[in-house]
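Trainee: Need coordinates for the below:
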Amino acid sequence: MNTYKSLAVTEPEPGIAVIMLNRPDRLNAFDYETVEEIHAALSEMEASNAIRVVILTGAGRGFSAGTDLKASRSAEGEPVNVSKQMRAQRFIADMVLHMRRIPQPIIAAINGVAVGGGFSLTMATDIRIAAQSARFICSYINVGLSSGEIGSSYFLPRLIGLSRAADLLYTGRTMDAEEALRIGYVSRVVPDGEALNSAMETARLMLEKSPFGLRMTKEVLNQSIDAQSLEAALYMENRTQTLGVLSGDFRVAAKAFTEKRKPVYDTEA
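Mentor: Now for the predicted structure:
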């Protein structure tokens with residue numbers, strides 16, 4: 001794993017990488033350098049066959065306070081103008097595209113507040129596990145901006161429905177962990193201090209599945225969420241299952257099932 005200043009990127013167990021936002025003094029708010037490092041870490045994951053599941057979490061008492069309001073959104077030293085501001089905005093927003101593009105499922109272990117851009121980062125993950133103290137705030141509108149930022153206007157209605165999303169986006173109010181669980185934003189709520197452990201347990205379950213199956217499930221979900229029709233979604237599923245049946249992973253799984261044992265997959269294939 002590469003060395004980062006604003007992140008702690010580790011491989012606690014084979015096949016599992018943890019990307020930890022590591023600016024606890026700033027409640028893991030991200031400045032331009034942090035965004036650059038998040039992109040670099042995601043590229044590192046994308047290039048790895050050995051890493052099969054990624055966990056995203058924050059150091060200290062919170063997940064992330066989002067964009068650091070005390071830091072410039074542009075690269076250090078650059079004068080601010082509209083075109084440069086747009087490039088900087090796109091670079092920040094592209095984090096969620098990058099998260100969806102890497103083949104590994106991403107689990108968010110949400111330990112405390114996820115505000116603004118921090119909230120948006122959790123939206124772009126595949127599974128969200130929240131500590132009891134977790135709080136979610138679409139804070140953009142509270143600082144004079146639109147609540148549509150870093151994918152929030154895209155992800156949130158798809159995750160919890162348009163009316164509930166509008167409630168959070170228009171008001172900038174706080175959603176606690178229990179509400180997030182009730183409306184289906186998170187898959188489970190665990191005691192404080194256990195979010196990362198719970199994410200690790202989920203990651204281990206994923207590692208029991210075939211590398212092909214795990215990666216293609218994320219790809220199918222990515223495509224089907226915006227499929228123009230059932231037929232288009234079925235086309236993607238049929239294509240993927242045909243490739244799967246012809247893959248080595250399927251033969252390994254079928255043989256193990258016949259022999260009543262756990263399959264052992266080639267993770268480097």
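Trainee: What residues sit buried inside stretch 173-182?
Mentor: Buried residues in stretch 173-182, counted by 16 or more other C-beta atoms under 10 Å: 175, 177, 179-181. In short, each C-beta sits where N, CA and C put it, glycine included.
Trainee: oh, I was asking about stretch 128-146
Mentor: Under 16+ other C-beta under 10 Å, the buried positions of stretch 128-146 are 128-131, 133-141.
Trainee: Can you tell me which of those residues end up in strands?
Mentor: Applying DSSP state E to the buried residues of stretch 128-146, the entries found in strands are 128-131, 135-137.
Trainee: Between those, which sits nearest A233?
Mentor: R128 (23.3 Å; C-beta to C-beta).
Trainee: Surely that closest one touches A114?
Mentor: No - the pair R128 / A114 is not scored as a contact, 9.1 Å apart, by C-beta atoms under 8 Å.
Trainee: can you give me the strands in the stretch 101-250 of the chain?
Mentor: Secondary structure of the stretch 101-250 of the chain (DSSP state E, counting those that start in this stretch): strands at 106-110, 113-115, 127-131, 135-137, 174-176, 188-190.
Trainee: wait, which of those is closest to K84?
Mentor: Per C-beta to C-beta, nearest to K84 of these: strand 113-115, 25.4 Å.
Trainee: Which helix or which strand is home to Y4?
Mentor: Following DSSP states H and E, there is no helix or strand that holds Y4.
Trainee: Just give me the neighbour total for it.
Mentor: 19 (other C-beta atoms under 10 Å).
Trainee: ok, now which ones touch it?
Mentor: 22, 37, 40-41 (C-beta atoms under 8 Å, 6 or more residues apart in numbering).
Trainee: now M175
Mentor: Counting by C-beta under 8 Å, 6+ apart, M175 has contacts 135-137, 168, 185.
Trainee: quick check, nearest of the residues you listed to E208?
Mentor: Of the contacts of M175, the one sitting nearest to E208 (C-beta to C-beta) turns out to be Y185, at 26.3 Å.
Trainee: What's the separation between that closest one and M99?
Mentor: Noted for Y185: a distance of 17 Å to M99, by C-beta to C-beta, to the nearest Å.
Trainee: same check, this time on D167
Mentor: Distance of D167 to M99, computed by C-beta to C-beta: 25 Å.
Trainee: Could you list the domains of this protein?
Mentor: 7-207, 211-258 (automatic domain parsing).
Trainee: Let me see the mean pLDDT of the last one.
Mentor: Here the mean pLDDT over domain 211-258 is 91, rounded to a whole number.
Trainee: what about that domain, distance to the chain center?
Mentor: 21 Å (C-alpha atoms, centre = their mean, to the nearest Å).
Trainee: What of stretch 117-137?
Mentor: 9 Å.
Trainee: C-alpha coordinates for that stretch, PDB please?
Mentor: What follows is the C-alpha trace of stretch 117-137 in PDB, where atoms were taken according to Å, rounded to 0.1, in the frame of the first residue of the first chain:
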ATOM      1  CA  GLY A 117     -19.500  15.900   1.100                       C
ATOM      2  CA  GLY A 118     -18.900  13.200   3.800                       C
ATOM      3  CA  PHE A 119     -22.600  12.300   3.500                       C
ATOM      4  CA  SER A 120     -22.200  12.200  -0.300                       C
ATOM      5  CA  LEU A 121     -19.300   9.800   0.000                       C
ATOM      6  CA  THR A 122     -21.400   7.400   2.000                       C
ATOM      7  CA  MET A 123     -24.100   7.600  -0.700                       C
ATOM      8  CA  ALA A 124     -21.600   6.300  -3.300                       C
ATOM      9  CA  THR A 125     -20.700   3.200  -1.300                       C
ATOM     10  CA  ASP A 126     -22.400  -0.200  -1.800                       C
ATOM     11  CA  ILE A 127     -23.300  -1.000   1.800                       C
ATOM     12  CA  ARG A 128     -23.600   1.400   4.700                       C
ATOM     13  CA  ILE A 129     -23.100   0.400   8.300                       C
ATOM     14  CA  ALA A 130     -23.600   3.100  10.900                       C
ATOM     15  CA  ALA A 131     -22.500   3.400  14.500                       C
ATOM     16  CA  GLN A 132     -25.300   4.400  17.000                       C
ATOM     17  CA  SER A 133     -23.900   7.900  17.100                       C
ATOM     18  CA  ALA A 134     -23.900   8.400  13.300                       C
ATOM     19  CA  ARG A 135     -25.500  11.600  12.000                       C
ATOM     20  CA  PHE A 136     -26.200  12.500   8.400                       C
ATOM     21  CA  ILE A 137     -26.600  16.100   7.200                       C
END
